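> Okay, predicted coordinates and the sequence, questions at the end:
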Amino acid sequence: MSNWVRAANAADILDGDLHSVELGGAVIAIYRVNGQFYATSNICTHAFALLSDGFLDDCTIECPIHAGRFDIRSGRAIGHPATIDLKTYPVRLEDGALVIDLG
């Protein structure tokens, strides 16, 4: 079941940047890389840390605490100590706004 919710204005997120939002009780990071938007849980699966405080390098987000890395396109954990994948969310652009499917 879909539950599309307005999350942010696309123009407010510059290319190579990320933005944190809380929607329906979920803390979500929205990324813009090469003009594409992605959304994942904003909480590192290894230890409670906000990924939006981390380091974005192309399509990889690095946790600011223990340097675990994740692919923002799939949520896949790709660097230890992170071994559990991130939840990802479908995101689309509608009339200049980003909307996310909370499921």
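Thanks, I have it. All values derive from a computational prediction rather than experimental measurement.

> so where do the strands sit in the chain?
4-9, 17-23, 26-33, 36-41, 55-57, 60-62, 69-71, 77-79, 88-89, 91-94, 97-101 (DSSP state E).

> From the rest of the structure, what touches the fifth one?
The contact list for strand 55-57, computed with C-beta atoms under 8 Å, 6 or more residues apart in numbering, reads 16-18, 31, 33, 61-62, 64, 72. Quick note: C-beta positions are derived from backbone N, CA and C, even for glycine.

> mind listing what it pairs with, with the direction of each?
If you go by DSSP bridges, strand 55-57 pairs up with strand 60-62 (antiparallel).

> Let me see the mean pLDDT of the partner strand.
Averaging pLDDT along strand 60-62 gives 98.

> Identify the residue nearest I72 in space, chain neighbours excluded?
Y38 (4.5 Å; C-beta to C-beta, 6 or more residues apart in numbering).

> What count of nearby residues applies to that neighbour?
21 (other C-beta atoms under 10 Å).

> and it, what are its bridge partners?
Under the criterion used (DSSP bridges), Y38 bridges to Y31.

> and what of V5?
I100.

> For F48, find the nearest of the strands of the chain.
Using C-beta to C-beta as the criterion, the shortest distance between F48 and these is 10.4 Å, found for strand 26-33.

> Who are the packing partners of the closest one?
strand 4-9, strand 17-23, strand 36-41, strand 97-101 (3 or more C-beta pairs under 8 Å, 6 or more residues apart in numbering; DSSP states H and E).

> Pick the most deeply packed of those strands.
Mean neighbour count (mean count of other C-beta atoms under 10 Å) peaks for strand 36-41 among those, with a mean of 20.

> That strand vs strand 17-23, what angle?
50 degrees (axes from the mean of the first three to the mean of the last three C-alpha atoms, to 10 degrees).

> Just read off the phi/psi values of the nearest residue to A26 once chain neighbours are set aside.
Nearest residue to A26, sequence neighbours excluded (C-beta to C-beta, 6+ apart): L102, at 6.3 Å. Main-chain torsions, L102, degrees, to the nearest 10: phi -80, psi -10.
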